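Enquirer: my questions are about this predicted structure, shown below with the sequence.
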Amino acid sequence: QVQLQESGPGLVKPSQTLSLTCTVSGGSITTSYYYWSWIRQTPGKGLKWMGAIAYDGRIYYSPSLKSHTSISRDTSKNQFSLQLSSVTPEDTAVYYCGRGYYSGSYYVMDYWGKGTLVTVSS
């Protein structure tokens, strides 16, 4: 059973960098052919996929967030991380990490963390 746990500060000031880490247990982040994603849910706007890091280290970003998003991993700790720079109150959201894979042309996410609320406020 794969488990994911998000961690990081719950409050970030505007213009600062939001940093979150996802710790994975029950499976390796280097196992083919899984993709490890960050998703957020902002109030009233639904879920938004932010980006992912693949089993082989390739990184993918949402075009709308690419300019201030960075995803990395630490394979020795079986963790992957998100950094979102120059945050504004509009970045207030519940942030989730999750595991996905491709089934044909479909991207399926089969395991999710519980999510962590990050509030951007001074």
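Expert: Received it, and whenever you're ready, just let me know what you need.
Enquirer: which residues sit against stretch 104-115?
Expert: Contact with stretch 104-115 is made by 2-6, 22, 35, 37, 39, 41, 94-102, as judged by C-beta atoms under 8 Å, 6 or more residues apart in numbering. (C-beta placed from N, C-alpha, C; glycine too.)
Enquirer: those residues, buried ones only, as a ChimeraX selection?
Expert: Provided next is the ChimeraX selection string for whichever of the contacts of stretch 104-115 are buried by 16 or more other C-beta atoms under 10 Å:
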select :4,6,22,35,37,39,94,95,96,97,98,99,100
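Enquirer: just the strands in this protein please.
Expert: Using DSSP state E, the strands of the chain run over 3-7, 11-12, 18-25, 35-42, 46-54, 59-61, 69-74, 79-84, 93-103, 106-112, 116-120.
Enquirer: what about the residue positioned nearest the centre of the chain, distance to Tyr107?
Expert: Taking C-alpha atoms, centre = their mean, the centroid of the chain lies closest to Trp38, which sits 2.0 Å from it. Distance, Trp38 to Tyr107, using C-beta to C-beta, to the nearest Å: 14 Å.
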